[in-house]
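Q: Have a look; sequence and predicted model below, questions after that.
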Amino acid sequence: MSDCIFCKIMKDEIPVEKVYQDKNVIGFKDIHPQAETHLLFVHKDHSADIVEMMENDPDAIKDVMNAISAYAKKTGLCDRGFRIVTNVGESAGQSVFHAHFHVLSHARLGQFGK
Ligand code: 5GP
Ligand code: ZN
């Protein structure tokens, strides 16, 4: 999608601090971090959100989760603990409509969802 900011990031048209890349997925630092570690993992194929992603290509979610797992194992994030969040819809806080997965890690994450 030509006017999608994450598609542009995928094509290196907008610079980001990349932390991970494979043939389907990139991981990069969020520009407005909400935790000590705040990364975004994005699939190269455009879907508006996770619901559309499952309709378009159910295997894409596996690509993203494999990428996050590989990154977490390699960097020690597994030992520190982390949370994966994906927002669907404006009322849930979604502001970029290309499916993406926040990876958040902090000395002590809030108890949201417990
Ligand atoms: P959402 O609110 O849609 O769940 O998450 C979108 C995230 O993308 C936000 O946390 C926002 O800070 C991040 N973001 C938006 N534009 C850019 C950008 O140009 N570069 C980077 N690195 N992050 C961005
Ligand atoms: Zn896109």
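A: Now that the structure is in, tell me what you want to look at. Ligands and ions are numbered 1, 2, ... in the order given.
Q: I'd like to know which residues of the protein are adjacent to ligand 1.
A: 5, 14, 16, 28-32, 40, 87, 93-96 (Cβ under 6 Å from any ligand atom). Every C-beta, even on glycine, is put in place using the N, C-alpha and C of the backbone.
Q: rerun that using 8 Å as the cut-off
A: Residues of the chain lying close to ligand 1 by Cβ under 8 Å from any ligand atom are 5-6, 9, 14, 16-17, 28-34, 38, 40, 85-87, 92-97, 100, 102.
Q: Which among these count as buried?
A: By the neighbour-count criterion of 16 or more other Cβ atoms under 10 Å, the residues of the chain next to ligand 1 include these buried positions: 6, 9, 16, 28, 30, 38, 40, 86-87, 94, 97, 100, 102.
Q: From these, list the ones also adjacent to ligand 2.
A: residue 6 (Cβ under 5 Å from the ion).
Q: What about the residues of the chain next to ligand 1, which are in helices?
A: 5-6, 9 (DSSP state H).
Q: out of those residues, who's nearest ligand 2?
A: Of all those, ligand 2 sits closest to residue 6, with 4.7 Å by Cβ to the ion.
Q: Please verify my assumption that that closest one contacts residue 95.
A: No. Using Cβ atoms under 8 Å as the test, residue 6 is too far from residue 95 to be in contact (11.2 Å).
Q: quick one: least confident helix or strand in the chain?
A: Ranking every helix and strand in the chain by mean pLDDT, DSSP states H and E puts helix 77-80 at the bottom, with a mean of 93.
Q: Tell me the helices and strands packed up against that one.
A: Helices and strands touching helix 77-80, as assessed by 3 or more Cβ pairs under 8 Å, 6 or more residues apart in numbering; DSSP states H and E, comprise strand 100-105.
Q: helices or strands up against the strand it packs on?
A: strand 37-43, helix 59-75, helix 77-80, strand 83-85.
Q: Make CSV out of the buried ones among the residues of the chain next to ligand 1 and add pLDDT.
A: Below are those laid out as CSV (pLDDT from 0 to 100):
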residue, pLDDT
6, 98
9, 97
16, 98
28, 98
30, 98
38, 97
40, 98
86, 98
87, 98
94, 98
97, 98
100, 98
102, 98
